[in-house]
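[1] model this:
(one chain, ligands or ions: 1)
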Amino acid sequence: MNAVNPVGVFDSGVGGLSVLREIRRELPKEDLLYVADSGYAPYGDRTEQFIEARSVAIIEFLVSQGAKAIVVACNTATGAAIATLRSRFQVPIVAMEPAVKPAAEQTQSGVVGVLATRRTLLSGNFAKLVARFGADVNILAQPCPGLVEQVETGDLFGDATRSLVEQYVVPLLEQGADTLVLGCTHYPFLAPLIQTVAGPSVAIIDPAVAVARQLRRRLESRDLLSPGAHPGTERFWMSGLPNRMKPVISQLWMADVEVQSFPDAVLLDGAYGNAGHTLRAVT
Ligand code: DGL
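    Sure thing, here's the model as predicted:
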């Protein structure tokens, strides 16, 4: 593996761009590849087997594009599949987990709210985090169905999004939470709205900066940091309907980007957001 090779990053959709932007800040010379699996988002309602199969297919693709390291910029995929992914691939893999530890360390009220997908909150990883850091702290797990979909459509401030955020955040505040963990990489794009609903005294924790630093350490330890004299580049792929999602990626990345179609072994019947998500094999 060569230091000039790119880093591969993926998520169930556009949420991982909140991690990608921290990676870009931390590692300005790295070339970055990003796959948004938006055709199959949200992962939060999928089975572990489904999420694992998608994650394997995406990492295989990123490795075929020369990725020297992988960032699983998705808490749900980490919770569902990380052990399999690490045993299956040689390439270094950095993954997400809800930032329960720093939240437990910094809460003053002793109550922490964790906003995440249902699947993340049901995962063994999350149970371990609660067992490890929740002894003296009340950790409230709050699933947030619908929020991923709002971010996938680029609706970060609308009434429907606000009403969902209120529905999930207000009960946590009523139970005394003074610290909220963003346990899904889509949610940092909603942080301004969440802060407005929660008020200025509530701390919001996003682990993306820590993940970017962890990536730097992993690359450094293997002599894989890019020596490039030029700023790194970004390339984007997306399952589902790239043309439809390009504006959302451009909005969240704050630049007009090209989005390529993810070369998939299966295609979606119907548009993103269709209830059945029928899969059809390409022959
Ligand atoms: N961004 C993903 C995460 O961090 C969202 C999962 C989903 O698609 O439900 O969990």
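[2] Tell me the residues of this structure that contact the ligand?
    11-13, 15, 41-44, 74-76, 117, 120, 148, 184-186 (CB under 6 Å from any ligand atom). C-beta: built from backbone N, CA, C; applies to glycine.
[3] What about those residues, which are in helices?
    75, 76, 120, 148 (DSSP state H).
[4] Neighbours of the second one, how many?
    Neighbour count of residue 76, defined by other CB atoms under 10 Å: 33.
[5] Would you confirm that it contacts residue 15?
    No - applying CB atoms under 8 Å, one finds residue 76 not in contact with residue 15, separated by 9.4 Å.
[6] what's the overlap in contacts for those two?
    Both residue 76 and residue 15 are contacted by residue 184, under the criterion CB atoms under 8 Å, 6 or more residues apart in numbering.
[7] How about residue 261: what's its closest non-neighbour residue?
    Nearest residue to residue 261, sequence neighbours excluded (CB to CB, 6 or more residues apart in numbering): residue 242, at 5.0 Å.
[8] Make sure the one you found is actually in contact with residue 257.
    No - using CB under 8 Å, residue 242 is not in contact with residue 257, being 10.6 Å away.
[9] between those two, who's got more neighbours?
    Taking neighbours as other CB under 10 Å, residue 242 and residue 257 compare with residue 242 leading, 19 against 15.
[10] ok, that one to residue 37 distance?
    12 Å (CB to CB, to the nearest Å).
[11] which residues in the protein form helices?
    17-26, 48-64, 75-88, 100-106, 118-122, 124-133, 147-152, 159-174, 191-198, 208-221, 242-253.
[12] from those helices, which stretch is densest packed?
    Of all those, helix 147-152 has the most neighbours on average by mean count of other CB atoms under 10 Å, namely a mean of 23.
[13] what is the rounded mean pLDDT of that one?
    Mean per-residue pLDDT for helix 147-152: 96.
[14] Identify all contacting residues around it.
    The list of residues contacting helix 147-152 from outside it, by CB under 8 Å, 6+ apart, reads 12-15, 38, 41-42, 44, 115, 117, 156, 158, 160-161, 164-165, 168, 184, 186-187, 189-190, 245, 248, 252, 272-273.
[15] Show only the entries of the residues of the chain next to the ligand found in strands.
    residue 11 (DSSP state E).
[16] By average pLDDT, which secondary structure element in this protein comes out worst?
    Here the helix or strand of the chain ranked lowest by mean pLDDT, DSSP states H and E is strand 279-281, holding a mean of 40.
[17] you'd agree residue 191 is up against residue 202?
    No - using CB under 8 Å, residue 191 is not in contact with residue 202, being 11.2 Å away.
[18] what residues are up against the residue lying closest to residue 238 once chain neighbours are set aside?
    Setting aside the residues directly before and after it, residue 238 is nearest to residue 36 in space (CB to CB, 6+ apart), at 4.5 Å. Contact partners of residue 36, counting by CB under 8 Å, 6+ apart, are 10-14, 16-17, 236-239, 245, 249.
[19] low-scoring pLDDT stretches of the stretch 151-283 of the chain, where are they?
    Within the stretch 151-283 of the chain, the segments meeting pLDDT under 70 span 265-283.
[20] Tell me the spacing between residue 141 and the ligand.
    From residue 141 over to the ligand the distance is 13 Å, taken as CB to the nearest ligand atom, to the nearest Å.
[21] Please name the residues that touch that residue.
    Shown in contact with residue 141 (CB under 8 Å, 6+ apart): 114, 116, 121, 126, 130.
[22] just to revisit the earlier point, just give me the closest of the contacts of residue 36 to the ligand.
    residue 12 (3.2 Å; CB to the nearest ligand atom).
[23] For that closest one, give its distance to residue 227.
    For residue 12, the distance to residue 227 (CB to CB) stands at 33 Å.
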